[in-house]
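Visitor: Sharing a model prediction with you, sequence too.
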Amino acid sequence: MLKFDIKKKQNLARVGVIHTPHGDIETPAFVGAATRATVKALTMQQMRDLGSQAILANTYHLTLRPGTELIKEAGGLAEFSSWHGPTFTDSGGFQIFSLPDVKISENGVKFKSHIDGANFEMTPESSMQAQWAIGADIHMAFDHLAKSENHQDMKEAMDRTHAWLDRCVKEHQHLIKQYSHPQYLYAVVQGGTFLDLRSESAKYCAGKNVDGFGIGGVFTAEGMDEMLQVVNSILPENKPRHLLGMGQEPIDLFIGAERGCDTFDCVGPTRMARNGSLYTLDGRINIKNAKYTHDFTPIMLDCDCECCKNYNKAYLHHLFKTDEITAKILASIHNEHFIVETVNRIRASLLDGTFTNYRDSFLTRYYKK
RNA sequence: GCUGGAAUCGUCUAGUGGCAAUGACAAGAGACUGUAAAUCUCUCGCCUUCGGGCUUCGUAGGUUCGAGUCCUACUUCCAGCA
């Protein structure tokens, strides 16, 4: 069983440590999205330098390229990518259900590779096998995302996710015996915006032999507070919870942490960065805007990332306007650091009892417009 | 000096009688949440009550219901010959 120590609690919120085979994660923590075993535009050394504690890769992408057996041959995701720290993998469910041609059956999902159209099938068992081959410390159960937000579709997807969870747990237990290094499994709670379904899903997942929980199918902060209160009041307190895919908006992280989520991952910060949208304490700015041409101040005066310590907005503006790859690198360092650091401060504020003040002052300033 | 050719939005460019005018780049702005994303969308002559109105394709005339497109002259540039 994955070891998770809770150091402090405040209602649903908690500060803890997840002890993974590749190291500890001080929670709450933001996990870098390394879909294809790399955080886009960043080296693993840069990720370490900006304070990241863990990364999350994707089973769908790594199955297509380079193939999960190759990663196994390399010694696993952490070794292959030279990250050497704690790692997660997402099951591939989310990606597969975003493809245009998916055929769902009880057995699994048939789909075509977005790269070359080759036919693939993924099942709960094959996703587990793939994740064990990738060798991340923490795996997500193979889940089904609903195609729409209506109650019936959502329930159908949730029921299938539950049926698949049982098969994931069984296969996981089977695979534990075949590998010498321990790896851990999170169940994924579904149910969309429907509190009755969320409640049902949380109860179902809570009863399973898993090491933690992913909370999936959340797309905006709207309604998230109430939903997380329902879900995290049901999930067992002594196991970590990962809020899947949320964290582009700082408010997601404040709500998530306050309502008992321990880790987060999101592609937003690095994607925003590559597109020139940079976080500041006063909201995001678009560094490509003409008004930054002569602005020789850093993105944030009180930021200690490599980008802000060494470069100013006029320079970044120039790098973006000339489409230099350094623009994306520096912007990604800043944005990823900003979000990692925001969660780090949430953790610190929970520890010293200043969370509410920190939350209110941060959100008021960030969203003041 | 002669003979050809060319002049269209910031730049390059499409256009051969119905055209406020094609495409690319540049420029201006917006979007992005378990990454088919170094991507995508919008604006880009002036004005607008968003119906439309006005002024445009080197300059000045002309032919025509109608001209960026045809004709004449001029200006500038390019090529070849002197």
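Guide: That came in fine, so what should we check first?

Visitor: From now on I want contacts and neighbour counts done on CA atoms only, so please keep to that.
Guide: Will do.

Visitor: what number of residues lie near the closest residue to RNA strand B within the stretch 251-369 of chain A?
Guide: Nearest residue of the stretch 251-369 of chain A to RNA strand B: residue A:289, at 3.3 Å (C-alpha to the nearest atom of the strand). By other C-alpha atoms under 10 Å, the residues close to residue A:289 number 13.

Visitor: tell me which element the closest residue to it other than its chain neighbours falls in.
Guide: Of all residues not flanking residue A:289 in the chain, residue A:317 sits nearest, at 7.7 Å (C-alpha to C-alpha, 6 or more residues apart in numbering). Per DSSP states H and E: residue A:317 is located in helix A:313-321.

Visitor: excluding its backbone neighbours, what's nearest the residue in the stretch 101-250 of chain A that RNA strand B sits nearest to?
Guide: RNA strand B sits closest to residue A:245 of the stretch 101-250 of chain A, with a gap of 2.8 Å, by C-alpha to the nearest atom of the strand. Distance criterion C-alpha to C-alpha, 6+ apart; nearest residue to residue A:245, sequence neighbours excluded, is residue A:266 at 4.5 Å.

Visitor: For the stretch 1-150 of chain A, just list every one of the strands.
Guide: A:3-10, A:13-20, A:23-27, A:29-33, A:55-58, A:87-90, A:102-104, A:109-112, A:119-122, A:138-140 (DSSP state E, counting those that start in this stretch).

Visitor: other SSEs contacting the fifth one?
Guide: Where contact means 3 or more C-alpha pairs under 8 Å, 6 or more residues apart in numbering; DSSP states H and E, strand A:55-58 is packed against strand A:29-33, strand A:87-90.

Visitor: Just to be sure, residue A:332 is in a helix?
Guide: Yes: assignment of residue A:332 by DSSP: H, G, I helix; E, B strand; the rest coil places it within a helix.

Visitor: Please parse chain A into its domains.
Guide: A:3-266, A:267-369 (automatic domain parsing).

Visitor: okay, those domains, which one's buried deepest?
Guide: Comparing those by mean neighbour count (mean count of other C-alpha atoms under 10 Å), domain A:3-266 comes out on top with a mean of 20.
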